[in-house]
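Q: Output the structure for:
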Amino acid sequence: MKQLPQYRVGRIADADIAALTFQETVHMLEQWAVERKDGYVCICNTHSIVTAGNHSGFHEALTQADLCTPDGMPLVWALKLYGFERQDRVDGPSLMLKLCERAPQTKVSIYFYGSTPDTLDSLKERVEQDYPGIRIAGSFSPPFRELHPDEEERIIDEINASGAHIIFVSLGCPKQ
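A: Next up, the predicted model:
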């Protein structure tokens, strides 16, 4: 089992869900980005937890994550029942927008992975409009199929060469 970073967790159906407030999560992720920490975060809702119980690969992805956040009120309520009364929802869209808002101040660059080219173009345009000074390091819309090994290697090289501090991945569960 992977050594978890130091933060409070609640065990929900064989998944360690971070018991951090929204602001604590933003602060932690900003710190990781500035320090260029390699790792990944899973934004978990009830569907994620159920999928992990039925899909060993997905379970492994949650187990190996550096952080799993409670996106969805049932997970928030469970954490509150465990005694984390300050717990709030840490959902993906809100987290992404807050990190984008703060990116010009923290000098963190962003990369978007997922969706369609048109949606990515609209997202980049909107983010640049709403958060002047943000640095978007790149984006990629994968095909709606498995990537071939050479395609996967090429996109990994492209992302690494982009210098992105944070990569937002939006493919849906369990594909993501």
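Q: partner residues bridging the most centrally placed residue in the chain?
A: Computing the C-alpha centroid of the chain and ranking residues by C-alpha atoms, centre = their mean puts V41 first, at 4.4 Å. Beta-bridge pairing of V41 under DSSP bridges involves L67.
Q: Tell me which residues are up against the one helix or strand S94 maps to.
A: Using DSSP states H and E, S94 falls within helix 92-106. Outside of helix 92-106, the residues that reach it under the criterion C-beta atoms under 8 Å, 6 or more residues apart in numbering are 22, 25-26, 29-30, 33-34, 43, 69, 71, 108-110, 127, 130-135, 166, 168, 170. Bear in mind the C-beta positions are built from the backbone N, C-alpha and C, glycine included.
Q: Out of those, list just those in helices.
A: Mapping these onto helices (DSSP state H) picks out F22, T25, V26, L29, E30, A33, V34, V127, D130.
Q: So for the lowest-mean-pLDDT helix or strand in the chain, what gets flagged as buried?
A: Of all the helices and strands that make up the chain, strand 9-12 has the lowest average by mean pLDDT, DSSP states H and E, namely a mean of 88. Within strand 9-12, the residues scored as buried using 16 or more other C-beta atoms under 10 Å are V9, G10, I12.
Q: so after that strand, what's the next helix or strand?
A: Strand 9-12 is succeeded, C-terminally, by strand 15-18 (DSSP H and E).
Q: Okay, buried residues for that next one please.
A: For strand 15-18, burial by neighbour count (16+ other C-beta under 10 Å) applies to A15, D16, I17, A18.
Q: for that strand, what is the average pLDDT?
A: Per-region confidence: strand 15-18 scores 92 on mean pLDDT.
Q: which outside residues touch that strand?
A: 4, 7-11, 25, 44, 48-49, 52, 59, 62-63, 67-70, 75, 78-79, 90.
Q: Just the buried residues from those, in PyMOL please.
A: Buried residues within the contacts of strand 15-18, by 16+ other C-beta under 10 Å, are selected in PyMOL with:
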select buried, resi 9+10+25+44+48+49+52+59+62+63+67+68+69+70+75+78+79+90
